[in-house]
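Student: Quick one: sequence and predicted model below, then my questions.
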Amino acid sequence: MKDFKYYAPTEVAFGQQAEEQVAPLIRKYGGTKVLVHYGGRSAERSGLLDKICNLLSQDGIPFVKLGGVVPNPRLSLARQGIELCRQEGIDFILAVGGGSVIDSAKCIAYGVCMDEDVWNLYLGKTEVPKTMLPVACVLTIPAAGSEMSEASVITNEDGGVKLGYSNNLSRPKFAIMNPCRTFTLPPYQTAAGVTDMMMHTMERYFTIDDDMDLTTDIAEAMLRSMMNAVFAVLKNPEDYRYRAQIMWGGSLMHNGLTGCGVQDDWATHQLEHELSGMFDVTHGAGLAAVWPSWARYVMHQNLSRFVRFAVNVMQVPNDFTDPEATALRGIEAMERFYHAIGMPVNIKELIGRDITDEEIQEMVRKCSRDYTATCGALKVLNAQDMEQIYKMARG
C-alpha cells in the first residue's frame with residue numbers, strides 16, 4: 001500500500017434549494033467582487049444564471065459576467081477572462097456550469113496572479129504557483145469532477161493542443177449541487193458524463209497495487225452505482241434519486257478518495273486528450289472509444305485486477321481455469337455497457353469515419369511531447385505503445 005495524503009477541502013451545499021446559499025458562501029470565503037463565468041444558452045435559458053446574479057445583487061455583492069465557454073474550454077477565452085478580472089478588480093471567480101466552465105475558471109484564476117502567460121503553467125515551463133484567485137462553482141453538469149478536484153484542462157486553439165494541470169490551490173472553495181438542475185441534460189451528455197466520472201475511478205482502480213482493499217471496495221461500489229443510476233435516468237430524466245447519485249458520484253470519483261493508497265494511471269485520459277484536441281469530440285465519449293483498446297493492451301501487467309473488475313463490477317462469471325478469458329469478457333462487458341448507453345467503443349464510431357495513419361502519428365507526437373515523454377503507470381507507454389493503442393482503437 002502506498003503512503004498517501006487525502007485532501008478534500010471543498011465545502012458542498014447539496015439539495016433542491018442549494019443555490020440559495022451562493023451569496024453567504026462567497027462572503028464566507030472572502031469574495032467582494034465576483035466574476036460569474038458560464039457557458040452559453042443553457043445557463044441563460046434555464047433561468048439559473050439570472051437567479052444567481054439576482055441573489056448576488058440582493059446581497060450587495062458586485063459582479064461581472066463572462067460567458068462563452070465551450071466543451072474542451074479554450075485558452076483564448078481564459079486569456080480574455082484574465083484581462084477582465086484585472087481591469088475590474090475581481091477577487092473571486094464563480095463558475096456556473098460543468099467541468100469545462102470550472103476548468104476555464106481555474107485557468108483564469110491562475111493567470112490573474114501570474115506575471116507571464118498562463119499557458120506556460122500548462123506547458124510546465126514556469127514555477128509552481130503559490131497563489132491564485134479563489135474559485136467556487138454552481139454545478140450543472142456532473143461529469144468532470146472538477147468541482148472538488150485539483151485538476152483543470154485547457155485547449156490551446158493554436159495547434160489544437162489540450163493539456164492539464166493539477167494543483168491543490170485550485171480545489172474550489174465550495175460547490176453548490178442541485179440535482180434538479182440536471183433534469184434537462186440530453187441523454188448523450190448524461191451518458192458521456194457518467195463515462196467520464198467512471199473513468200476517473202477506473203484510472204485509479206487499474207493499478208499495480210493490490211493491497212488497499214478498502215479503496216478498491218469503495219471504487220467497485222461507486223462504479224456499480226453509477227452504472228445502475230445512468231440506466232435509471234436515461235429511462236426517466238427527472239428521477240431525483242438517481243440524478244442525485246450521479247451528481248454526488250461525479251464528485252467522489254475525482255476528489256482523490258478512490259486513489260488513496262494506490263498508484264493511479266491516467267494514460268486513457270492523456271490518449272483521449274489528443275482525440276479531443278484534434279477532433280473536438282465529447283470527452284467522455286472519447287474515453288469510451290479509447291479505453292477498451294488500452295485495457296487489452298495492458299491487462300497482462302496485472303491480470304488479476306482485470307479479473308476482479310470483470311467479476312465484481314461487470315458481473316462476469318469467474319472462469320478460474322482461464323483468468324485471461326475472464327478478463328477479456330470483462331472488457332467486452334464494458335463495451336456492451338458503453339453501447340447500451342449510447343457511447344462508442346472505437347474511434348470510427350466516435351468521429352464517424354476511419355482515422356488516417358497521419359492523424360494517428362500526429363496524436364502520438366503530441367501525446368509523447370515530440371517523442372520525449374511517456375504516460376501511464378500500470379504499463380508505462382512510450383510513443384510506440386501509444387501508436388499501437390490508437391491503431392487498435394481505430395474500429
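Tutor: Here it is on my side, so go on.
Student: what's the single longest helix in this structure?
Tutor: Assignment by DSSP state H gives helix 213-235 as the longest helix of the chain.
Student: for the helix or strand just after it, the distance to its chain's centre please.
Tutor: Per DSSP states H and E, the first helix or strand lying C-terminal to helix 213-235 is helix 240-252. Averaging C-alpha positions (CA atoms, centre = their mean, to the nearest Å) puts helix 240-252 15 Å from its chain's average.
Student: can you list contacts of helix 240-252?
Tutor: Residues from elsewhere that reach helix 240-252 (CB atoms under 8 Å, 6 or more residues apart in numbering): 12, 14, 16, 139, 142-145, 147-148, 175, 177, 179-180, 182-183, 190, 193-194, 196-197, 222, 225-226, 228-230, 232-233, 236-237, 258. C-beta: built from backbone N, CA, C; applies to glycine.
Student: Buried ones among the residues you listed?
Tutor: 12, 139, 142-145, 147-148, 175, 177, 179-180, 182, 190, 193-194, 196-197, 222, 225-226, 229-230, 233, 237, 258 (16 or more other CB atoms under 10 Å).
Student: Tell me which of these fall in strands.
Tutor: 12, 139, 175, 177 (DSSP state E).
Student: The first one against K173, yeah?
Tutor: No: the pair V12 and K173 does not pass the contact test of CB atoms under 8 Å, sitting 10.9 Å apart.
Student: Spit out the contact partners of G15.
Tutor: 177-178.
Student: Repeat that for A95.
Tutor: By CB under 8 Å, 6+ apart, the neighbours of A95 are 37-38, 101-102, 104-105, 135-138, 172.
Student: redo that, cut-off 7 Å
Tutor: Shown in contact with A95 (CB atoms under 7 Å, 6 or more residues apart in numbering): 37, 101-102, 105, 135, 137.
Student: repeat for L185
Tutor: So L185 contacts I141 (CB under 7 Å, 6+ apart).
Student: leaving aside the residues next to it on the chain, what's closest to V34?
Tutor: With CB to CB, 6 or more residues apart in numbering as the criterion, V34 has its nearest non-adjacent residue at 4.2 Å, and that residue is F63.
Student: Can you say which helix or strand has the residue in the chain sticking out farthest from the centre in it?
Tutor: Distance from the centre of the chain peaks at T321, with 37.5 Å (CA atoms, centre = their mean). T321 belongs to no helix or strand when assigned by DSSP H and E.
Student: ditto for the one 10 residues further on
Tutor: Element membership of I331 [criterion: DSSP H and E] is helix 323-340.
Student: helices or strands next to that helix in the packing?
Tutor: Where contact means 3 or more CB pairs under 7 Å, 6 or more residues apart in numbering; DSSP states H and E, helix 323-340 is packed against helix 283-298, helix 303-312.
Student: So which helix or strand of this protein has the lowest pLDDT on average?
Tutor: helix 41-45 (a mean of 79; mean pLDDT, DSSP states H and E).
Student: and that one, which residues are buried?
Tutor: Using 16+ other CB under 10 Å as the test for burial, helix 41-45 gives 42-43.
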